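> Just the structure for this:
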Amino acid sequence: MDNQEHPGGARRGPRIASLTINSNDADGLAGFWSELLGLPVSAQHGGFIWLEPAGPGVPQLAFQQVDHPTEGRRRLHLDLHDDDAAALRAKAERLGAVFVEGHDIGDFHWDVMLDPEGNEFCIAQD
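Next comes the predicted model:
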């Protein structure tokens, strides 16, 4: 597949449109992430729910209703950075997330969390 050029010479190619999470309770999990990120639901159709993108060109977070959850460690997770990582972690926990463990590389710290269905995500200071 050839990549095309936009006017002005910018590269045009594939883009990430959404990050999809399989879920036993797509409505509940979409509600959790909608509240945590402050992003409303933009569309819902046939077992799929999409949140509004956080900004232009930013992938949407999507949820797909499935009969069985993914087993074992997840191959995909979200890294969330915030000006107040501690407040974001507290909010996540109020909404049903669970702290797993913290990590440090030099002075960079992040917390590994599980959402209400056990999907891993990380929170770090921006």
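> For the rest of this, base every contact and every neighbour count on C-alpha atoms.
Noted.
> Tell me how many other residues surround the residue nearest to Ala124 when sequence neighbours are not counted.
The shortest distance from Ala124 to any non-neighbouring residue, by Cα to Cα, 6 or more residues apart in numbering, is to Trp110 (4.4 Å). Using other Cα atoms under 10 Å, Trp110 is surrounded by 18 other residues.
> Can you verify Trp110 is assigned to a helix?
No: checked against DSSP: H, G, I helix; E, B strand; the rest coil, Trp110 lies outside a helix; its state is strand.
> and it, how far is that from Leu37?
17 Å (Cα to Cα, to the nearest Å).
> coming back round to it: so the residue nearest to Ala124 sits against Phe121, correct?
No: using Cα atoms under 8 Å, Trp110 makes no contact with Phe121, being 10.0 Å away.
> now the strands for this structure?
4-5, 11-12, 18-23, 41-45, 48-51, 60-65, 78-82, 98-105, 108-114, 120-125 (DSSP state E).
> Those strands into JSON lines, with extra columns for mean pLDDT and distance to Gly31?
Listed next are these as JSON lines, based on pLDDT from 0 to 100; distance: least, Cα to Cα, whole Å:
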{"stretch": "strand 4-5", "mean pLDDT": "48", "distance to Gly31": "38"}
{"stretch": "strand 11-12", "mean pLDDT": "57", "distance to Gly31": "34"}
{"stretch": "strand 18-23", "mean pLDDT": "88", "distance to Gly31": "12"}
{"stretch": "strand 41-45", "mean pLDDT": "95", "distance to Gly31": "8"}
{"stretch": "strand 48-51", "mean pLDDT": "95", "distance to Gly31": "9"}
{"stretch": "strand 60-65", "mean pLDDT": "91", "distance to Gly31": "10"}
{"stretch": "strand 78-82", "mean pLDDT": "89", "distance to Gly31": "16"}
{"stretch": "strand 98-105", "mean pLDDT": "94", "distance to Gly31": "16"}
{"stretch": "strand 108-114", "mean pLDDT": "93", "distance to Gly31": "15"}
{"stretch": "strand 120-125", "mean pLDDT": "90", "distance to Gly31": "16"}
